[in-house]
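*Asks:* Whatever this is, show me its structure:
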Amino acid sequence: MSSLKNRRVLVTPTSYAMNDPSLRSDLEAEVGEVVYNTAGRALSAEELLPLVSEIDALIAGLDDINQQVIEAADRLRVIARYGVGVDRVDLSAAKRKGIVVTNTPGANATSVAELTVGLMLALVRSIPLANAQTKSGRWPRLRGSTLADKTIGLLGLGAIGRHVAQMLGGFDCGIIGYDPAVDARQAAQFGVERHERDEIIRRSDILSLHLPLLPATENMFDASLIASMKDGAYLVNTARSELIDEAALLQALQRGKLSGAALDTFRQEPPGADHPLLQLDNVIVTPHTGSHTDGATNTMGRMALHDCLAVLRGAEPQHRVV
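*Replies:* Residues are numbered from 1 along each chain as shown. Okay, the predicted model is just below:
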């Protein structure tokens with residue numbers, strides 16, 4: 001096995017080794033130098049540019065790895081994405097330069113699914129509002145809803161969507177879903193009645209998004225599509241912020257078209273205390289925390305580390321994207 005002591009690795013995810021310090025020690029034992037992101041957040045392309053010129057590998061979070069960054073990374077051999085989404089990596093530029101890109105499919109599925117179901121319950125029972133008002137000395141009587149007998153729609157039936165469906169199995173609710181890659185027989189195996197996308201949107205009392213960011217899904221939930229949702233429905237997004245037109249969502253919530261929304265992701269992160277969606281009592285927000293659990297961070301970290309070192313050693317990674 002060849003030595004990697006002349007290799008330099010940049011690690012940008014702030015949650016890397018959050019629960020398992022051996023991830024850091026194992027990486028540092030293998031390579032010559034490891035540089036960590038100390039900003040406490042994902043890095044912009046401008047922030048990455050001065051860091052990438054002398055690195056051999058990048059274990060990346062939600063950083064903006066655009067064409068300019070990749071062109072500046074003359075020694076870079078691998079981008080090991082700590083997570084599943086690769087929409088913030090210019091895959092075409094990486095492929096042209098011969099840089100391997102990997103990800104960690106399925107590693108955070110359980111954690112994101114658990115957060116999704118938790119947000120559904122928090123929405124229909126107004127749990128954050130009840131908590132805040134009770135702590136302030138009030139004793140509110142808030143009217144909530146049950147999940148039982150409701151129709152819950154899942155757009156996207158990959159690993160996360162399937163886990164959500166399985167977790168909802170004990171709530172006595174109807175579960176319908178759509179995914180172009182999943183047929184009715186497959187959907188039924190994990191308790192989902194498959195229908196086409198527009199019917200899911202029209203029928204759902206709670207609509208949960210588990211779609212990748214693609215040209216066909218970017219800004220999918222614009223004013224027109226939101227208008228086709230059931231009156232009084234709830235929207236949950238633990239996938240990608242770019243799926244939703246935030247201005248259209250705000251308007252639908254203000255007008256009462258939707259009863260509420262739960263969002264784990266925003267176009268700008270952090271969104272800022274003055275963001276209009278944050279001013280609404282019927283909006284629950286979390287800080288892109290779907291994968292921030294002991295199980296998910298450890299698994300993603302180990303998978304990213306394994307593939308990063310594999311490429312540096314000249315071996316084939318387990319989860320290559322390009």
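
*Asks:* in terms of contact, does Val9 touch Ala60 like I think?
*Replies:* No - taking C-beta atoms under 8 Å as the definition, Val9 is not a contact partner of Ala60, at 10.9 Å. In short, each C-beta sits where N, CA and C put it, glycine included.

*Asks:* and these two? which has more neighbours close in?
*Replies:* The residue with more neighbours, out of Val9 and Ala60, is Ala60; 30 against 25, by other C-beta atoms under 10 Å.

*Asks:* Contact partners for Phe266?
*Replies:* Under the criterion of C-beta atoms under 8 Å, 6 or more residues apart in numbering, the contact list for Phe266 reads Ser241, Glu246, His275, Leu277, Val285, His288.

*Asks:* hang on, Leu277 in a helix?
*Replies:* Yes - with DSSP: H, G, I helix; E, B strand; the rest coil as the criterion, Leu277 is located in a helix.

*Asks:* how near is the nearest residue to it once chain neighbours are set aside to Ala57?
*Replies:* When the adjacent residues along the chain are set aside, Leu277 lies closest to Val283, with 5.2 Å between them (C-beta to C-beta, 6 or more residues apart in numbering). According to C-beta to C-beta, to the nearest Å, Val283 stands 39 Å off from Ala57.

*Asks:* between these two, who's got more neighbours?
*Replies:* More neighbours surround Ala57 than the other of Val283 and Ala57, with 28 against 21 (other C-beta under 10 Å).

*Asks:* for that one, which residues make a bridge with it?
*Replies:* Under the criterion DSSP bridges, Ala57 forms beta bridges with Val9, Val78.

*Asks:* What's the local residue count around Ser44?
*Replies:* Other residues near Ser44 come to 13 when the count uses other C-beta under 10 Å.

*Asks:* for this protein, which helix is longest?
*Replies:* The residue-count maximum for a helix in the chain (DSSP state H) belongs to helix 294-312.

*Asks:* For that helix, buried residues please.
*Replies:* In terms of neighbour count (16 or more other C-beta atoms under 10 Å), helix 294-312 has its buried residues at 296-312.

*Asks:* contacting residues around it?
*Replies:* Taking C-beta under 8 Å, 6+ apart as the criterion, the residues outside helix 294-312 that touch it are 4, 7, 9, 13, 15-20, 23, 26-27, 30-31, 56-57, 59, 77-78, 80-83, 100, 102, 104, 107-108, 110-112, 291, 316-320.

*Asks:* secondary structure element for Arg24?
*Replies:* If you go by DSSP states H and E, Arg24 is part of helix 22-30.

*Asks:* Now do that helix: which elements does it pack against?
*Replies:* Helix 22-30 is packed against strand 4-11, strand 31-36, helix 294-312, with contacts defined by 3 or more C-beta pairs under 8 Å, 6 or more residues apart in numbering; DSSP states H and E.

*Asks:* Right, I'll call it a day here.
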